[in-house]
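[1] Sequence first, predicted coordinates after that:
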Amino acid sequence: MKEETKKNFYLFLRYLFLVLIAVPGFDIFYYFLLPATLYPVYYILKISFAPVLLGHVIFLGQKSIEIVGACVAGSAYYLLLILNLSVPKIKPLLRIKMIFFSFLTFLVINIIRIIILSFMYVDNSSIFNIVHEAFWYIGSTVVVVGIWFLEVWIYKIKGVPFYTDLKRIYNESSLKRK
């Protein structure tokens, strides 16, 4: 296969995969990541409490914590996937390693976030709502961007998501003046 044909094929595959993941929604993320989030939270809370787990709800005495899709943050995982797949010139095994690293990093941070909020909720903290809203609206975006910058630094990523692909397409197109 010619080098240009190969590049175009991999470009097509990367973006096709992103579209195919997006079409059914984030259900695939929630299917795997809801249990991956729920059970560690439950077992960590067992250290300080006597929680009871029923479905997606953790009961801590009279209080209950429901781990819903928004808690899992499927859209944050999708954004990490987009960032990881929208940069060219990354070998497939390294790309898989990067995606695993970003997902695992976000999962750990998200579990810590839920644990902190759980303690605040049980203790009737006066700033629970403010902290919860701040995590919801600002925190996950900042964390995703931070994880991406960490990946850029660790894996020495040279490309810019989308831009590098668009620049190559433009440079190879008939739109560019010769």
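    Structure received.

[2] isn't V131 right up against F119?
    No - using CB atoms under 8 Å, V131 is not in contact with F119, being 10.9 Å away. Yep, even glycine has a C-beta here, placed from its N, CA and C like the rest.

[3] So G139 is in contact with R113, correct?
    Yes - at 7.0 Å, G139 and R113 qualify as touching, with contact defined as CB under 8 Å.

[4] Which elements pack onto the helix or strand hosting H132?
    Taking DSSP states H and E as the criterion, H132 maps to helix 128-134. Helices and strands touching helix 128-134, by 3 or more CB pairs under 8 Å, 6 or more residues apart in numbering; DSSP states H and E, are helix 92-122.

[5] Return the helix or strand hosting K7 as CSV; C-alpha atoms alone will do.
    Here K7 sits within helix 3-22, counting by DSSP H and E. In CSV, the C-alpha atoms belonging to helix 3-22 read as follows (Å, rounded to 0.1, in the frame of the first residue of the first chain):
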residue,chain,number,x,y,z
GLU,A,3,2.3,5.7,2.0
GLU,A,4,-0.3,8.3,1.1
THR,A,5,-3.0,5.7,0.7
LYS,A,6,-2.1,4.2,4.1
LYS,A,7,-2.2,7.6,5.8
ASN,A,8,-5.6,8.3,4.3
PHE,A,9,-6.9,4.9,5.3
TYR,A,10,-5.8,5.3,8.9
LEU,A,11,-7.2,8.8,9.0
PHE,A,12,-10.5,7.5,7.8
LEU,A,13,-10.5,4.6,10.3
ARG,A,14,-9.7,6.9,13.3
TYR,A,15,-12.6,9.2,12.5
LEU,A,16,-15.0,6.5,11.5
PHE,A,17,-14.4,4.8,14.9
LEU,A,18,-15.2,8.1,16.6
VAL,A,19,-18.4,8.4,14.7
LEU,A,20,-19.4,4.8,15.3
ILE,A,21,-18.9,5.2,19.0
ALA,A,22,-21.0,8.4,19.0
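
[6] Tell me the helices and strands packed up against the helix or strand where V152 lies.
    Element membership of V152, judged by DSSP H and E, is helix 140-155. Judged by 3+ CB pairs under 8 Å, 6+ apart, helix 140-155 is in contact with helix 74-85, helix 92-122.

[7] What are the buried residues along the helix holding K7?
    Residues K7, R14, L18, I21 are the ones in helix 3-22 that count as buried (16 or more other CB atoms under 10 Å).

[8] now that helix against helix 74-85, angle please.
    Compare the direction of helix 3-22 with that of helix 74-85 by axes from the mean of the first three to the mean of the last three CA atoms, to 10 degrees and you get 180 degrees.

[9] neighbouring contacts of the helix holding H132?
    Residues from elsewhere that reach helix 128-134 (CB atoms under 8 Å, 6 or more residues apart in numbering): I116, L117, M120, Y121, S125.
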